[in-house]
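[1] Pasting a predicted model and its sequence here:
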Amino acid sequence: MQVSIILLSMFMMAFYTPTQQELDFGKGKAGDNWYIINDGVMGGLSEGEGVLEANSLRFYGNVSLKNNGGFSSLRAPYQEMDLSGFETVEMRVRGKGQSFGFSMETSKLWFQPNYKVTFRPSPDEWEVMKFSLTDFNMYRIGQQMDQKISQDALASIIRIGFITNDKKEGPFELEIDYIKFE
């Protein structure tokens, strides 16, 4: 009898699909292992910082267009994520009026496609934004392709993150309370 209960439990776990996955940022919560990648990897001079606040993760800095620069990004560590069972991503954010991208990657190779949705939070006001995962566009080396994310790609996500999106010089700031996949 005990063996059949164990087998039934293993069978149910194999087909269990969570209805929600959430990252709640802040000190003592998620976000302490997120890191910055600036355009310095290509010679640019932009600067970005990621700081945990009491209940959020603040991403801020200065974008420079010198030396072919133009971006700063805040990224989660590599981790396999199967998001194919989810339909939307919701995030509570506030900014200073700049445009950002929320990106998802399926490869560690920089020249392979990634997927992104862009947004512009209201200045200084907390705002809940919700996007359908099927609205994420494919990008290759910063150029938008005429293709959306596939279910296969959603099943193979290895990293998520945020990136400045305006390609304009100057300061930027984005504060993230949570990210929730539903």
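    Cool, the structure landed. Everything numeric in this text was worked out from a predicted model, so none of it was measured. Residues are numbered from 1 along each chain as shown.
[2] Who does the most centrally placed residue in the chain form a beta bridge with?
    For the chain, the residue whose C-alpha lies nearest the mean C-alpha position (C-alpha atoms, centre = their mean) is Gly161; its distance is 2.8 Å. In this entry, Gly161 is beta-bridged to Arg75, Ser103, by DSSP bridges.
[3] Distance of it relative to Gly28?
    Counting by C-beta to C-beta, to the nearest Å, the gap from Gly161 to Gly28 is 21 Å. Every residue, glycine included, has its C-beta placed from N, CA and C.
[4] what does Glu173 give?
    With distances taken as C-beta to C-beta, Glu173 is found 23 Å from Gly28.
[5] Can you pick out the residue with more neighbours from those two?
    Glu173 (18 against 8; other C-beta atoms under 10 Å).
[6] Which strand residues bridge that one?
    Tyr60.
[7] pLDDT score for it?
    Per-residue pLDDT puts Glu173 at 97.
[8] and what of Met42?
    pLDDT, Met42: 80.
[9] got a list of what it touches?
    Going by C-beta atoms under 8 Å, 6 or more residues apart in numbering, Met42 touches Asn68, Gly69.
[10] rerun that using 7 Å as the cut-off
    Asn68 (C-beta atoms under 7 Å, 6 or more residues apart in numbering).
[11] same question, Thr118
    Contacts of Thr118 (C-beta under 7 Å, 6+ apart): Ser99, Phe100, Gly101, Asn165.
[12] Least confident secondary structure element in this protein?
    helix 2-14 (a mean of 38; mean pLDDT, DSSP states H and E).
[13] Please enumerate the strands of this protein.
    21-24, 35-38, 47-52, 57-63, 72-75, 88-95, 100-105, 114-119, 127-132, 137-140, 143-148, 159-164, 170-181 (DSSP state E).
[14] Neighbours of Gln112, how many?
    Gln112: 11 neighbours (other C-beta under 10 Å).
[15] Distance of it relative to Asp152?
    Counting by C-beta to C-beta - Gln112 and Asp152 are separated by 14 Å.
[16] What of Thr88?
    The value you get for Thr88 to Asp152, if C-beta to C-beta is used, is 19 Å.
[17] swap in Ile160?
    17 Å.
[18] Compare those two and say which is more crowded by neighbours.
    Neighbour totals were compared for Ile160 and Asp152, and Ile160 leads with 20 against 9 (other C-beta under 10 Å).
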